[in-house]
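Q: quick one, what's the 3D model for this:
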Amino acid sequence: LLASPKSGGSANIANGSFESLDSSGLMPKGWEYTSYLNDTSVSNAVVVKDAARGNVVKLTNAELDDAHFTQTVSVQANTIYKLSCYIKTENVSGGAGANIALEDRTCYSTPVLGTTDWTMVELVGKTGSGQSKLKIGCRLGNFSSTSMGIAYFDDFKIEKLTSYNGEIQSFETKASSSQSSDNTTGMSDAEYTARTKMIVIMLCIYILLPIAIYFLLKLEKSMDKARKGDPIKTPAQLAPSIFDTKPVIPEKTDTKLHYTKKDWIFVIALTLVYGILAVTNLGSTKAPDSEWKGTPGTTVTLTFDDTVTIGSVWHDGGITGGSGSKGTTVFKLTGDDGKSVEIDQRFGTMYRWVRNSSLHSTTKNITLTVVSGEAWINELAFFDTAGNLLHVTVNDASAAALVDEQDCVPEYPSYMTGMYFDELYHARTAYEHLHNLSVYEVSHPPLGKIIISVGVAIFGMNPFGWRIMGALFGVAMIPLMYAFGKRMFKRPELALLAAGLFAFDFMHFSQTRISTIDVYGVFFNMCMTYYMYKFIKMDLGDSLKDTLIPLGLSGLFFGLGCASKWICIYTGAALAVMFFVKMITLWVKANKIKNAKLTKAEEADPAVANARKFPARFIKTCLFCLLFFIIIPVAIYSAAYRPYYTAQWKPNAEQTKIARLRAAGQLEYNEEPEGEVLTFSEKVKTYVDGVIDNQKYMFSYHSGLNSTHPYQSAWYEWPLGNRPVWFYSGGQNPDTTKFGTISTFGNPAVWWICFAGTLTLFIMFLRNRFRLNAEIFFIFACMASSMLPWMLISRCVFVYHYFATVPMIILASVYVLKHYEDKFYYIPLERGDMISGGAKFVPKIKFIWLAAAIVLFAVFYPVISGIQVSREYIRALEWLPTWTFFGTW
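A: So this is what the prediction gives:
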């Protein structure tokens, strides 16, 4: 704003001083008003008189909203314009605050927050090629960065500049770009520009990185040939192919992890540290437990200790309202002076504190009246104009729940005190399962929401209660990942690296602390693949009983995973491939052993006996898998639907049968049947039909989801974490310099390095550095099963769909690192070779890598945890063009 522009004259703007009014005498002529919620009880606009400035526009948001006055002006293409306006605010909080902005894109001036005197605000930008119109205006909030409070605007101007030394925004709009470019995607131009930049960056990386790896591997091979002495072959290079069928009589597989004291210290310490991080500021346990419900016409009188002037009203609501911007439940608050406000309980505001600042009543009593729908209010709170909580009582004991838990009223609403993002679906449904209510979220299998309900049952319907189970499952992933690393790499330090990278990955942290079901699908996915990996490492030297234990556990977790989220069904395909490849390989090997000339000692070996009986063993194993991978999973999956049956399917079926009996004259009109209404066969049919119908609905829902989303990203963008998904925006702190936000994406020290590591492993395999051994086969099969489905579908997808793949890219990258540790340090050390200074550095890489992940976790902690920090700090973390932690482009 301090840069010196060169003026090129003024563009045409009508009534920028707001002195001319329309026929109502309340609105400025030539300007249009609208708001996102389109609810006059929440947001309104009017022209008022200011003693010093004359007519000024006043925007009032009683709740979080995006309200704006706009005007379309004529502009020239490819031209710099400066917008300016004076802004004054009263108690503005949240989101983008008071600002001047463009109407059809998220481009706005520096937010004006709190209570301020008249301040000049400017916004400079450049129009696009072929652009002739620009819709500009005064705004309180901006798209999803909604705000509340009161803002005044005056002297709005637009000025054409010939040059400008400061930051120039893009004023190019969709209308102009559709005429002059190929942007017909429906994106805003800011989004289109950012995504285009990211595509260029991504293409450079996707082209240059494989080339660089290829030439580095070629250089390494040349250096190996020039090196004197015996060539070094690492265990990774010597490991046999998964298809190897050489008739070597195998010994019994050592399947124990052999944890040492160091292992236990590593895994316990890491799990404890992460566990503390996971539950710290997870959510408040203080939330209203009791609720009041009212039907249309119900009235309640609330009384204050003395006559007061109300500054704002807060309410925490339950399950009510509609799914649109205008809900189905409205209640009215009226003071003794006749002033009143209607508050709309919308779907998106359940179980969170909502503020309304429209009731400026001086009164001793407040009358609450339910206007429409069924009101569900957990708690009401009233504040005076100074922001002090007012003591209030009710005249009816049956309505005491309205104000009986005033100690639960927070300093300001945040994620700590209410729901955010898809918790509105999953946490709500968990509550419905507990209370045998009709189920709302039916687009995913039930088990994940049943698990969430366990936390609610223990800790109550509060943020901590509905999030704790996901957080604990996230903690449980750490020792599981350590066991993966220990089993695959044998060394405690590499197991620590694998588990540590996963522990300090941003997505693992943010995705397991929100009350959604992804964490359960990924956890069970990791469990079932862990035990399948254990199985494919076994051989003919192991007894049938020993091999069935990991297979049974893999199948059990497969069933639990499928009942939580369908991603586990995709991984089930990988389990099937790994199983049959292993079994067919063992059959070929068994035949070779049977036909080989063996000594008496070899004939007595258990592996030979197992080889001779392998056809029978194969059939028994397949029958066992039929039980544990089909019958038991189907049973678990079906049993998870019991809450649906008891709350909906059975009552509906009973009412249908009763209606038919009455219609047939077998029951009188008001007569109720005695005993059970449904027969056993009718109950079974109702249950089975319900399960089948829900599968059809889920498939139809997900396959037909054609809508777009500003936070969607294609599968090929995920390895770089191009587009974080924005979960939460918390701008209601009285300290308007602070802001809280939560996004889910990858730690660059994990995702970016692991992308390079996984690509290196793939290229090394293609160049025959490694055979397709059990580890590489396992990693690639799991990655393919978790990625291919997202490559093949056309619906919009998000970066959190990559969550299940993250453990595999970590294992792939640590596998490559272990290979180079063996090659340059451990094998030469074992052989007594001289080790260079550079080679001595190789084992230290893992500690530097883990330290980098921890440092970045600390740096980015504010944008993955929701804690309040300065806006400037958050803005500094937007490293890529498509990283938008304020919810706007």
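Q: so the residue nearest to residue 715 when sequence neighbours are not counted is in which element?
A: Excluding its sequence neighbours, the residue lying closest to residue 715 (C-beta to C-beta, 6 or more residues apart in numbering) is residue 790, at 4.6 Å. All C-beta spots, glycine's among them, are computed from the backbone N, C-alpha and C. Assessed by DSSP states H and E, residue 790 sits inside helix 774-792.
Q: so for that helix, what's the average pLDDT?
A: Helix 774-792 comes out with an average pLDDT of 95.
Q: so residue 706 belongs to a helix, correct?
A: No - assigned with DSSP: H, G, I helix; E, B strand; the rest coil, residue 706 falls outside any helix and is coil.
Q: tell me where this protein is predicted with low confidence.
A: 1-11, 106, 173-189, 321-328, 731, 888-889 (pLDDT under 70).
Q: let me know the outermost residue of this structure.
A: For the chain, the C-alpha farthest from the mean C-alpha position belongs to residue 600; by C-alpha atoms, centre = their mean, that distance is 61.9 Å.
Q: distance of that residue relative to residue 850?
A: 53 Å (C-beta to C-beta, to the nearest Å).
Q: go on, residue 379?
A: 45 Å.
Q: over to residue 528?
A: 27 Å.
Q: who has more neighbours out of these two?
A: The neighbour comparison of residue 528 against residue 850 (other C-beta atoms under 10 Å) goes to residue 528, with 26 against 21.
Q: contact partners for that one?
A: Contacts for residue 528 (C-beta atoms under 8 Å, 6 or more residues apart in numbering) come out as 553, 554, 555, 557, 558, 561, 568, 571, 572, 575.
Q: ok, now with 6 Å
A: Applying C-beta atoms under 6 Å, 6 or more residues apart in numbering to residue 528 gives the contacts 554, 557, 558.
Q: residue 379 is in what secondary structure piece?
A: With DSSP H and E as the test, residue 379 turns up in strand 375-384.
Q: could you say what helices and strands that strand packs with?
A: Strand 375-384 sits against strand 292-294, strand 299-317, with contacts defined as 3 or more C-beta pairs under 6 Å, 6 or more residues apart in numbering; DSSP states H and E.
Q: that strand: what's the following helix or strand?
A: strand 392-394.
Q: does anything pack onto that following strand? Which helices or strands?
A: Using 3+ C-beta pairs under 6 Å, 6+ apart: strand 392-394 touches strand 299-317.
Q: give me the contact list for the strand it packs on.
A: Contacts for strand 299-317 (C-beta under 6 Å, 6+ apart): 288, 345, 350, 353-357, 359, 361-362, 364-369, 376-385, 390-396, 399.
Q: is it possible to mark the buried ones in the residues you listed?
A: Buried by 16 or more other C-beta atoms under 10 Å: 288, 345, 350, 353-357, 359, 361, 366, 368-369, 376-383, 390, 392, 394, 399, out of the contacts of strand 299-317.
Q: immediately after the helix or strand containing residue 160, which helix or strand?
A: Per DSSP H and E: residue 160 is located in strand 147-163. Note on strand 147-163: by DSSP H and E, the next helix or strand toward the C-terminus is strand 169-170.
Q: picking up where we left off before, extract the C-alpha trace of the strand holding residue 379 and format it as CSV.
A: C-alpha atoms of strand 375-384 as CSV (Å, rounded to 0.1, in the frame of the first residue of the first chain):
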residue,chain,number,x,y,z
ALA,A,375,-36.0,-27.0,18.0
TRP,A,376,-33.2,-28.8,19.7
ILE,A,377,-31.1,-26.5,22.0
ASN,A,378,-28.4,-27.8,24.2
GLU,A,379,-27.6,-24.5,25.8
LEU,A,380,-28.4,-20.8,25.4
ALA,A,381,-26.1,-18.0,26.5
PHE,A,382,-26.6,-14.2,26.6
PHE,A,383,-23.9,-11.5,26.7
ASP,A,384,-24.2,-7.8,27.3
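Q: mind listing residues that contact that strand?
A: Residues contacting strand 375-384 (C-beta under 6 Å, 6+ apart): 288, 291-294, 308, 310-318, 320, 329, 331, 389-390, 392, 402-403, 405, 409.
Q: just want the angle from that strand to strand 299-317.
A: Angle of strand 375-384 versus strand 299-317, following axes from the mean of the first three to the mean of the last three C-alpha atoms, to 10 degrees, is 90 degrees.
Q: helices along the stretch 51-200 of the chain, start to end?
A: Per DSSP state H, counting those that start in this stretch, the stretch 51-200 of the chain carries helices over the ranges 174-180, 189-226.
Q: before we move on, the earlier item: next, the buried residues of the strand holding residue 160.
A: Quick answer for strand 147-163 (16+ other C-beta under 10 Å): 147-154, 156-161.
Q: need the residues you listed in TSV with distance to residue 429, can you?
A: Formatted as TSV, those follow (distance: C-beta to C-beta, whole Å):
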residue	distance to residue 429
147	31
148	29
149	34
150	38
151	38
152	44
153	43
154	49
156	47
157	51
158	49
159	53
160	55
161	54
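Q: now for residue 264, how many residues are close by?
A: Using other C-beta under 10 Å, residue 264 has 11 other residues around it.
Q: what residues sit buried inside the helix or strand harbouring it?
A: Per DSSP H and E, residue 264 falls inside helix 261-279. For helix 261-279, the neighbour count (16+ other C-beta under 10 Å) marks 263, 266, 267, 270, 271, 274, 275, 277, 278, 279 as buried.
Q: same check, this time on stretch 710-727
A: Here stretch 710-727 shows 710-711, 713, 715, 717-727 as buried, counting by 16+ other C-beta under 10 Å.
Q: now it, how far from the centre of its chain.
A: Centroid separation between stretch 710-727 and its chain, computed with C-alpha atoms, centre = their mean, to the nearest Å, is 11 Å.
Q: also stretch 234-247?
A: 40 Å.
Q: can you tell me what sits against it?
A: 585, 588-589, 592-593, 596, 770-774, 777, 819, 822-823.
Q: so which of those residues is the closest to residue 733?
A: residue 819 (49.5 Å; C-beta to C-beta).
Q: burial count for the closest one?
A: 19.
Q: coming back round to it: most neighbours out of the contacts of residue 528, which is it?
A: Ranking the contacts of residue 528 using other C-beta under 10 Å puts residue 558 first, with 28 neighbours.
Q: tell me the SS of that one?
A: helix.
Q: with residue 742 instead?
A: strand.
Q: equivalent analysis for residue 593, please.
A: Applying three-state DSSP: residue 593 is helix.
Q: roughly how far apart are it and residue 584?
A: 15 Å.
Q: neighbour count: these two, which is higher?
A: More neighbours surround residue 593 than the other of residue 593 and residue 584, with 24 against 13 (other C-beta under 10 Å).
Q: I'd say residue 334 and residue 365 touch.
A: No - the pair residue 334 and residue 365 does not pass the contact test of C-beta atoms under 6 Å, sitting 9.0 Å apart.
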